[in-house]
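Peer 1: How does the following fold in three dimensions:
(chains A and B)
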There are 2 protein chains.
Amino acid sequence: MTPKAFQDYYPDILSNCYGCGRLNEYGHQIKSYWDGEESVCHFQPEPIHISIPGYVYGGLLAALIDCHGTGTAAAAGYRAESRKKDTEPPLRYLTASLHVDYLKPTPLGIALEVRGKVKGIEDRRVVIEEWISASGVITVRGEIVAIQMPNRFIQDVFHVQE
Amino acid sequence: MTPKAFQDYYPDILSNCYGCGRLNEYGHQIKSYWDGEESVCHFQPEPIHISIPGYVYGGLLAALIDCHGTGTAAAAGYRAESRKKDTEPPLRYLTASLHVDYLKPTPLGIALEVRGKVKGIEDRRVVIEEWISASGVITVRGEIVAIQMPNRFIQDVFHVQE
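Peer 2: Sure thing, here's the model as predicted:
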């Protein structure tokens, strides 16, 4: 049985994100998991995700840092509360800020590994440091500050769909 | 006659970027122009570019900051050298770092305005500050550090395609 990814626990109403929503058939549908104290996601860019010939465009790499980061923040939030990911209420995070350092061009055509680590967690704020590697070489480092989505905001989202 | 955008001057070989390449038929094909001392780009996200219901996903907003920023850097580079954009050799820039602050959720369904301003330019390094607004409300602020692509690198890119 394939283990469920962080994103597989998002409620349906919050699963449409182009980067990480399992219900967005046109999106990236990234899948993130714990690997010890780090989180990991593997993603294979498509040929259209080119920047200059042979390399991945920066916007996709930023999207991977963003969505893998909010997924890791959610998983860290459940872990901090000693809760299983399928318990109510759902914990979801919004990105307050995103920083990406492009250390070198990221080659196109191979699966990338995105890794994350919790750098800090307090109240509703989680900081995740991340890095992307291609064939074992780190090409990108990033960091996000994620804020737990207010319950009121989630209720508004649900209301939109009623 | 429609004025040519910054991206319309990129050489064909450097016009495949998913974010800004005019030859990437699946990509965003953003178009940036000077508006006085600021650069401006208008972009209409599609319904699939959703994050949570009603709002744009962060990866797209990061891609807009990235590609509008490198376009603005190129235009600023030509301007600093008092050169027209169709003169040789072409000036193109790579993103060294990208920072995005998501001030509030960005509504989906309307055209967004991305604006940029040169914060600093020295040698091959250009810093561009940017902001995205929806219906006149600024929802995102960002900044990129762009580095002029080395001629050797451009030659390597051309070689790949021979």
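Peer 1: drop to CA atoms for contacts and neighbour counts, all remaining ones
Peer 2: OK.
Peer 1: where exactly do the helices run in chain A?
Peer 2: Along chain A, the segments classed as helices by DSSP state H run A:58-80, A:151-161.
Peer 1: Single out the most deeply packed of those.
Peer 2: Looking across the helices of chain A with neighbours counted as mean count of other CA atoms under 10 Å in any protein chain shown, the highest average goes to helix A:58-80: a mean of 26.
Peer 1: helices or strands up against it?
Peer 2: For helix A:58-80, the contact count by 3 or more CA pairs under 8 Å, 6 or more residues apart in numbering or on different chains; DSSP states H and E identifies strand A:32-35, strand A:93-102, strand A:112-122, strand A:125-134, strand A:137-148, helix B:58-80 as packing neighbours.
Peer 1: Of all the helices of chain A, which one comes closest to residue B:111?
Peer 2: helix A:58-80 (18.9 Å; CA to CA).
Peer 1: follow-up on the earlier one: could you dump the helices and strands packed on helix A:58-80 into JSON lines and include mean pLDDT and distance to residue B:108?
Peer 2: Shown next, in JSON lines, are the helices and strands packed on helix A:58-80 (pLDDT from 0 to 100; distance: least, CA to CA, whole Å):
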{"stretch": "strand A:32-35", "mean pLDDT": "98", "distance to residue B:108": "26"}
{"stretch": "strand A:93-102", "mean pLDDT": "97", "distance to residue B:108": "16"}
{"stretch": "strand A:112-122", "mean pLDDT": "97", "distance to residue B:108": "28"}
{"stretch": "strand A:125-134", "mean pLDDT": "98", "distance to residue B:108": "25"}
{"stretch": "strand A:137-148", "mean pLDDT": "98", "distance to residue B:108": "21"}
{"stretch": "helix B:58-80", "mean pLDDT": "97", "distance to residue B:108": "11"}
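Peer 1: Who are the contact partners of the most centrally placed residue in chain A?
Peer 2: In chain A, the C-alpha nearest the mean C-alpha coordinate belongs to residue A:68, at 1.6 Å (CA atoms, centre = their mean). By CA atoms under 8 Å, 6 or more residues apart in numbering or on different chains, the residues touching residue A:68 are A:20, A:30-32, A:41, A:114, A:116.
Peer 1: same deal with residue A:40?
Peer 2: Contacts for residue A:40 (CA under 8 Å, 6+ apart) come out as A:32-34, A:113-116.
Peer 1: how deep is the residue lying closest to it once chain neighbours are set aside tucked in, by neighbour count?
Peer 2: Of all residues beyond its chain neighbours, the one nearest residue A:40 is residue A:115 (4.5 Å), with distances taken as CA to CA, 6 or more residues apart in numbering or on different chains. Applying other CA atoms under 10 Å in any protein chain shown, we find 27 residues neighbouring residue A:115.
Peer 1: Thought residue A:36 was touching residue A:115, still the case?
Peer 2: No: contact criterion CA atoms under 8 Å: residue A:115 and residue A:36 do not qualify, at 11.3 Å.
Peer 1: Save the helices and strands packed on helix A:58-80 as CSV, and put in distance to residue B:145 too.
Peer 2: As requested, the helices and strands packed on helix A:58-80 are exported to CSV (distance: least, CA to CA, whole Å):
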stretch, distance to residue B:145
strand A:32-35, 29
strand A:93-102, 9
strand A:112-122, 23
strand A:125-134, 19
strand A:137-148, 14
helix B:58-80, 8
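Peer 1: wait, what's in contact with the nearest residue to residue A:134 once chain neighbours are set aside?
Peer 2: Excluding its sequence neighbours, the residue lying closest to residue A:134 (CA to CA, 6+ apart) is residue A:112, at 5.1 Å. Residue A:112 makes contact with A:42-45, A:132-135, according to CA under 8 Å, 6+ apart.
Peer 1: Going by neighbour count, list what's buried in stretch A:136-149.
Peer 2: A:138-149 (16 or more other CA atoms under 10 Å in any protein chain shown).
Peer 1: Say whether chain B is contacted by it.
Peer 2: No: Stretch A:136-149 stays clear of chain B (CA under 8 Å from any CA of the partner chain), getting no nearer than 9.2 Å.
Peer 1: List the contacts of that stretch.
Peer 2: With CA under 8 Å, 6+ apart as the criterion, stretch A:136-149 contacts A:61, A:65-66, A:69-70, A:73, A:91-106, A:124-133.
Peer 1: now do stretch A:73-83
Peer 2: With CA under 8 Å, 6+ apart, stretch A:73-83 has contacts from A:6, A:84-85, A:91-93, A:118, A:126-128, A:146.
Peer 1: possible to save those as TSV with distance to residue B:14?
Peer 2: Output for these, formatted as TSV (distance: CA to CA, whole Å):
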residue	distance to residue B:14
A:6	37
A:84	48
A:85	44
A:91	42
A:92	38
A:93	36
A:118	37
A:126	38
A:127	35
A:128	33
A:146	34
